[in-house]
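A.B. asks: My questions concern the predicted model and sequence given below.
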Protein chains: 2
Amino acid sequence: MHFRVSKALAERTRLSADDWEVAALEVIAEQGVTALAVEPLAKRLGVTKGSFYWHFSSREALIQATLERWEENDLATFERTLNLVKEPRDKLRALFRRTREEVHSHVIFCALFKAADHPLVGPLMQRVSERRIAFLKDGFERLGMSPRDALNRARLTYLSYVGFLQYYQQFKSARMSIEELDAYVEHVIESLIP
Amino acid sequence: MHFRVSKALAERTRLSADDWEVAALEVIAEQGVTALAVEPLAKRLGVTKGSFYWHFSSREALIQATLERWEENDLATFERTLNLVKEPRDKLRALFRRTREEVHSHVIFCALFKAADHPLVGPLMQRVSERRIAFLKDGFERLGMSPRDALNRARLTYLSYVGFLQYYQQFKSARMSIEELDAYVEHVIESLIP
DNA sequence: CGGCTTCCATACGCATAAGTATGGTAACTC
DNA sequence: GAGTTACCATACTTATGCGTATGGAAGCCG
């Protein structure tokens, strides 16, 4: 005897490929790319992998699609934030201060950076890195630095950002307080923006 | 009919726990902590896991022992390098320039940092990070910075170091040339050392 | 209402890896 | 040289995860 469970309780909306990609990105943010497995992901979504292999041909295909989606979204977000401020110094400052906000996107970025060994993730993060370094270089050049110095300063800035994210994400027990974090960001701004 | 293979060819020296730890550190440097598995490691050493479980009670025990060994060695190396130069400015400069050398130790450091999720690796890297930041802070204070500024500058310096390592290790295809690398390090020195 | 498509469950095969149990062989000891 | 210990191989068991095969149920379409 099997009574059909109420639709509201069971929430039995069938899944789309998008649902899988969103869930995959969540797992990547929480546990990294290597921890992204098909069966646990299916369990998380309340289905079995029979569903998964209808939407995707393989685990790699899911990763590929998820990464593409993230890159597009990242590009769009970056462009949007980028055009808010015009004055180069303020633009850089705004960028630095953004580090404290939009935590979620930073978590994913950080997880992807750590997974750069993966053949699909590596090229992606290299593209992203070069784009951001180029953007920073442009900013420093507008502030009067030589192309050579601007490039190196951009590298230094970007890589300190990467290091900071990893540190801040990992060692949550030793996290700075909000005030300390603010002070740190202001110090970085004073030290790196001419 | 089985003729005993010559001892020189077979190299059948029996293994010690140390041998396993050294090999484990190699694998960590090459493929990270998560990729460290017992059976592949045994194959690498030309034995089976029957040998492994005589020396160690579990995979975790191996990781533990390997990390302890690395931390001791890292401390010793750091102390040694540290006492070579006395003048604070030169000391910091020497430290920065060291980034280009002793590649192997940096590879391990980098791999461990990426594996900070692991319950054994996390606390270790936190200790190591705090030690190094404290060392840098001391250097900056000796150069006349306030304790607060010195701490933040030390963080910035250390985290840019971490970010650089990850970037440089991962994206070998987009690596800078030697000259470019030198120029970058000199830029960092000029930018961060007052 | 019968049929076709879409989405999913179940059940399999295969591979890798942790850990255990047990027996074998080298090496040292007396 | 007989016995003990130290080191290792082989052969399990269990668990996880990828991918496939196949059948079943829901939803649309005529």
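C.D. replies: Cool, got the structure.

A.B. asks: Distance of A:Gly39 relative to A:Val47?
C.D. replies: Quick fix: residue A:39 is Glu, not Gly. 10 Å (C-beta to C-beta, to the nearest Å). From N, CA and C alone the C-beta is placed, and that goes for glycine too.

A.B. asks: Who has more neighbours out of the two?
C.D. replies: The neighbour count for A:Glu39 versus A:Val47, taken as other C-beta atoms under 10 Å in any protein chain shown, is higher for A:Val47 (16 against 10).

A.B. asks: A:His106 contacts A:Arg100, correct?
C.D. replies: No: contact status for A:His106 versus A:Arg100: not in contact, 9.3 Å apart, counting by C-beta atoms under 8 Å.

A.B. asks: Burial check on the closest residue to DNA strand C within chain A, number of neighbours?
C.D. replies: DNA strand C sits closest to A:Gly50 of chain A, with a gap of 2.0 Å, by C-beta to the nearest atom of the strand. Counted with other C-beta under 10 Å, the neighbours of A:Gly50 add up to 8.

A.B. asks: Off-centre distance for stretch A:75-87?
C.D. replies: Averaging C-alpha positions (C-alpha atoms, centre = their mean, to the nearest Å) puts stretch A:75-87 16 Å from its chain's average.

A.B. asks: what pLDDT, on average, does it get?
C.D. replies: The pLDDT scores in stretch A:75-87 average 79.

A.B. asks: Secondary structure element holding the residue nearest the centre of chain A?
C.D. replies: Nearest residue to the geometric centre of chain A (C-alpha atoms, centre = their mean): A:Phe109, 2.6 Å. If you go by DSSP states H and E, A:Phe109 is part of helix A:103-114.

A.B. asks: now for that helix, which elements pack on it?
C.D. replies: helix A:17-31, helix A:59-82, helix A:121-142, helix A:147-170 (3 or more C-beta pairs under 8 Å, 6 or more residues apart in numbering or on different chains; DSSP states H and E).

A.B. asks: what's the angle from the last one to helix B:147-170?
C.D. replies: Spelled out, that is helix A:147-170. 100 degrees (axes from the mean of the first three to the mean of the last three C-alpha atoms, to 10 degrees).

A.B. asks: now do the second one
C.D. replies: Between the axis of helix A:59-82 and that of helix B:147-170 there is an angle of 140 degrees, by the same axes, to 10 degrees.

A.B. asks: wait, does whichever helix or strand comes after helix A:59-82 make contact with chain B?
C.D. replies: Note on helix A:59-82: by DSSP H and E, the next helix or strand toward the C-terminus is helix A:88-97. No: Helix A:88-97 lies apart from chain B when judged by C-beta under 8 Å from any C-beta of the partner chain; the minimum separation is 11.4 Å.

A.B. asks: Show me what helix A:88-97 is packed up against.
C.D. replies: Checked by 3+ C-beta pairs under 8 Å, 6+ apart, helix A:88-97 has helix A:59-82, helix A:121-142, helix A:178-192 packed alongside it.

A.B. asks: most packed of those helices?
C.D. replies: Burial of the helices and strands packed on helix A:88-97 is given as mean neighbour count (mean count of other C-beta atoms under 10 Å in any protein chain shown); helix A:121-142 ranks first at a mean of 18.

A.B. asks: what angle do that helix and helix A:88-97 make?
C.D. replies: 150 degrees.
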